[in-house]
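# No letters, just coordinates:
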């Protein structure tokens, strides 16, 4: 799940905890012994408080039919993007309007496309114009365009394929000017033949022509939907998959849960994935121009190849359903394993939601799996470096004092330096820079560093995936009951 969160000021409660760090840590630190015992199925009854009658609430409409998913962006932005129509047909090339509807400008029979953000050459005329009308008249005479360079109105002729073409034009027509270059989106077919150039566009959209649902290969994966490409820096491209919500969820489920797991667990996962996507619509719009990433910053999404009949059936059985609380869409989270207890959203992400209430999880011990326990060692120097990378001012760490919640999860950390100065950090911000595997851990000094020993795998807020597996496979609970347990007072609707 997505690990992005905001720092908040340490509240009075945390300050009181930190006044007595040794006592708090000793009293609430996780036990060294593993969780033992299996709840008999006959006595495993979910409390009434976990469930709500969704029929008594009017569902608030959810507008999330089409998603923009970032596949290549920021440091992973590409020099060129290669696409192949999986059906062997051509492509439509155009744009997306404000309602996220594809508008075709032209078609090509090419079954493969290569799109680049290239430097293209122009002839920049020496003359400077005093008015827009003068500049436009000159641009029409030279079949050029008006630009502002350094606040001055100028005219560019072109584009040209290379600087030699520009220099040839200057000599042949005896023009007063010089070569000028800028980035431009250019389209080629799979054999490198030039198809189109968009000198004035900052983005381009492509859609595979199909007799059914379009399928397109990109970077060794296959995706439903279309693609939007935007200029990123001078010569790179951001690549976005524009896909329907249900097709998106089908590309998430097999990478978050195994298709061998019980169908009720998969259905609960599908509803969570759909809810997460809808709730976080536009999360990265301002920074990158899309809704969600394709990795654990949001949800792992890899298109079509990983899905099968079982995972698709889980999505189709829950189509259009979300996790709701009193009719409203929920801010849901999930993770691999809680190690015995989940945690309040306020203590993990600073999210004060009634349905993100931490609780003891009696179901996980019914299964044996690899991520139940973990240990990590970090040197003092590494801890200092990692904290500094997050903007914290600290030069050494000689002592670490975790603050535990009543459920035994870490909700804050105090880092003490060699002079006795303290750095107090709250929520998951307090330990996430150390790349630990869950919120349930203990700390002890060891050699020139610290050893962290913990239980579970993930941030511990929301639904445990292994717990959902156990609820369905061992105790026979349904997806509705799984959601009702992990999201108190919430329901599928």
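Arrived safely. Note that the coordinates shown come from a computational prediction; the quantities given were computed from them, not determined experimentally. Numbering: from 1, shown residues only.
# contacts, neighbours, all on C-alpha from now
Will do.
# quick one: residue 491 and residue 52 touch, right?
Yes. With contact defined as Cα atoms under 8 Å, residue 491 reaches residue 52; the gap is 6.4 Å.
# Neighbour count: the two, which is higher?
When residue 491 and residue 52 are compared for neighbours, residue 491 comes out ahead with 28 against 18, by other Cα atoms under 10 Å.
# what about the residue nearest the centre of the chain, distance to residue 288?
The centroid of the chain falls nearest to residue 298 when counting by Cα atoms, centre = their mean (2.6 Å). From residue 298 over to residue 288 the distance is 14 Å, taken as Cα to Cα, to the nearest Å.
# Residue 416 now?
In terms of Cα to Cα, residue 416 sits 38 Å off from residue 288.
# Next: residue 397.
With distances taken as Cα to Cα, residue 397 is found 36 Å from residue 288.
# And those two? Which one has more around it.
Neighbour totals were compared for residue 397 and residue 288, and residue 397 leads with 25 against 18 (other Cα under 10 Å).
# So residue 482 is in contact with residue 468, correct?
Yes. Between residue 482 and residue 468 there is a contact under Cα under 8 Å: 6.1 Å.
# shared neighbours of the two, anything?
Residues touching both residue 482 and residue 468 (Cα atoms under 8 Å, 6 or more residues apart in numbering) are 265, 268.
# who has more neighbours, the two?
residue 468 (30 against 27).
# Wait, that one touches residue 481, no?
No. Contact criterion Cα under 8 Å: residue 468 and residue 481 do not qualify, at 9.6 Å.
# Domain ranges for this structure, per the record?
1-62+322-493, 80-234 (automatic domain parsing).
# In JSON lines, list these along with mean pLDDT and distance to residue 302.
Converted to JSON lines, these look like this (pLDDT from 0 to 100; distance: least, Cα to Cα, whole Å):
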{"stretch": "domain 1-62+322-493", "mean pLDDT": "82", "distance to residue 302": "14"}
{"stretch": "domain 80-234", "mean pLDDT": "92", "distance to residue 302": "7"}
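# if I look at the nearest residue to residue 379 once chain neighbours are set aside, how far off is residue 380?
Among residues not flanking residue 379 along the chain, residue 449 sits closest, at 3.8 Å (Cα to Cα, 6 or more residues apart in numbering). Residue 449 sits 5 Å away from residue 380, going by Cα to Cα.
# which of these two has more neighbours?
Neighbour totals were compared for residue 449 and residue 380, and residue 380 leads with 21 against 17 (other Cα under 10 Å).
# who touches that one in this structure?
Taking Cα under 8 Å, 6+ apart, we find residue 380 in contact with 396-398, 448-450.
# Common neighbours of residue 491 and residue 52, please.
Common contacts of residue 491 and residue 52 (Cα under 8 Å, 6+ apart): residue 484.
# Next, find the distance separating the residue in the chain sticking out farthest from the centre from residue 168.
The centre of the chain is farthest from one residue, residue 174, which by Cα atoms, centre = their mean lies 54.4 Å away. For residue 174, the distance to residue 168 (Cα to Cα) stands at 10 Å.
# Same check on residue 159?
13 Å.
# Residue 184 and residue 121 touch, don't they?
No. Judged on Cα under 8 Å, residue 184 makes no contact with residue 121 at a distance of 9.4 Å.
# Please enumerate the strands of the stretch 51-200 of the chain.
66-72, 80-85, 91-96, 102-108, 112-125, 144-149, 152-160, 177-189, 194-198 (DSSP state E, counting those that start in this stretch).
# by contact count, what packs against the longest one?
Yep, that's strand 112-125 we're talking about. Applying 3 or more Cα pairs under 8 Å, 6 or more residues apart in numbering; DSSP states H and E, one finds that strand 112-125 contacts strand 80-85, strand 152-160, helix 163-173, strand 177-189, strand 236-244.
# Now do the last one and strand 177-189, the angle between them.
Okay, so that is strand 236-244. Computed by axes from the mean of the first three to the mean of the last three Cα atoms, to 10 degrees, the angle separating strand 236-244 from strand 177-189 equals 40 degrees.
# cool, the third one as well?
For helix 163-173 against strand 177-189, the angle between stretch directions is 130 degrees (the same axes, to 10 degrees).
# List the buried residues of helix 163-173.
163, 165-167, 169-170 (16 or more other Cα atoms under 10 Å).
# So which of the residues you listed is the closest to residue 220?
Nearest to residue 220 out of the buried residues of helix 163-173 is residue 163 (Cα to Cα; 35.3 Å).
# contacting residues for the nearest residue to residue 104 once chain neighbours are set aside?
Leaving aside its sequence neighbours, residue 104 sits nearest to residue 94 (Cα to Cα, 6+ apart; 4.3 Å). Neighbour list for residue 94: 102-106, 204-206 [criterion: Cα under 8 Å, 6+ apart].
# again, only using 6 Å
Going by Cα atoms under 6 Å, 6 or more residues apart in numbering, residue 94 touches 103-105, 205.
# Of those, keep whichever come out buried.
Taking 16+ other Cα under 10 Å as the criterion, what is buried in those is residue 205.
# Determine which two of the contacts of residue 94 are furthest apart.
105 and 205 (9.7 Å).
# Quickly list what's touching both of the two.
Contact criterion Cα under 6 Å, 6+ apart; residues bridging residue 105 and residue 205 by contacting each: 93-94.
# Strands of the stretch 301-450 of the chain, start to end?
All strands of the stretch 301-450 of the chain, identified by DSSP E, counting those that start in this stretch, fall at 323-325, 328-329, 334-335, 373-379, 399-404, 410-416, 422-426, 440-446, 449-455.
# Kindly reformat the ones you listed as JSON lines containing distance to residue 230.
Shown next, in JSON lines, are the strands of the stretch 301-450 of the chain (distance: least, Cα to Cα, whole Å):
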{"stretch": "strand 323-325", "distance to residue 230": "33"}
{"stretch": "strand 328-329", "distance to residue 230": "31"}
{"stretch": "strand 334-335", "distance to residue 230": "31"}
{"stretch": "strand 373-379", "distance to residue 230": "40"}
{"stretch": "strand 399-404", "distance to residue 230": "44"}
{"stretch": "strand 410-416", "distance to residue 230": "40"}
{"stretch": "strand 422-426", "distance to residue 230": "38"}
{"stretch": "strand 440-446", "distance to residue 230": "42"}
{"stretch": "strand 449-455", "distance to residue 230": "43"}
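# quick one: buried residues of the strand or helix carrying residue 223?
Element membership for residue 223, per DSSP states H and E: strand 221-224. By neighbour count on 16+ other Cα under 10 Å, the buried set for strand 221-224 is 222-224.
# Measure how far that strand is from the centre of its chain, please.
17 Å (Cα atoms, centre = their mean, to the nearest Å).
# Do me a favour and average the pLDDT over stretch 250-266.
Average pLDDT, stretch 250-266: 97.
# Start and end of that stretch, how far apart?
11 Å.
# returning to that earlier point: mind checking how far the residue nearest to residue 379 is from residue 436?
According to Cα to Cα, residue 449 stands 14 Å off from residue 436.
# Can you classify residue 246 as helix, strand or coil?
Under DSSP: H, G, I helix; E, B strand; the rest coil, residue 246 falls in the helix class.
# Please tell me how far it sits from residue 323.
To residue 323, residue 246 is 15 Å away according to Cα to Cα.
# Against residue 209, how distant is the residue nearest to residue 379?
Separation of residue 449 from residue 209 (Cα to Cα): 58 Å.
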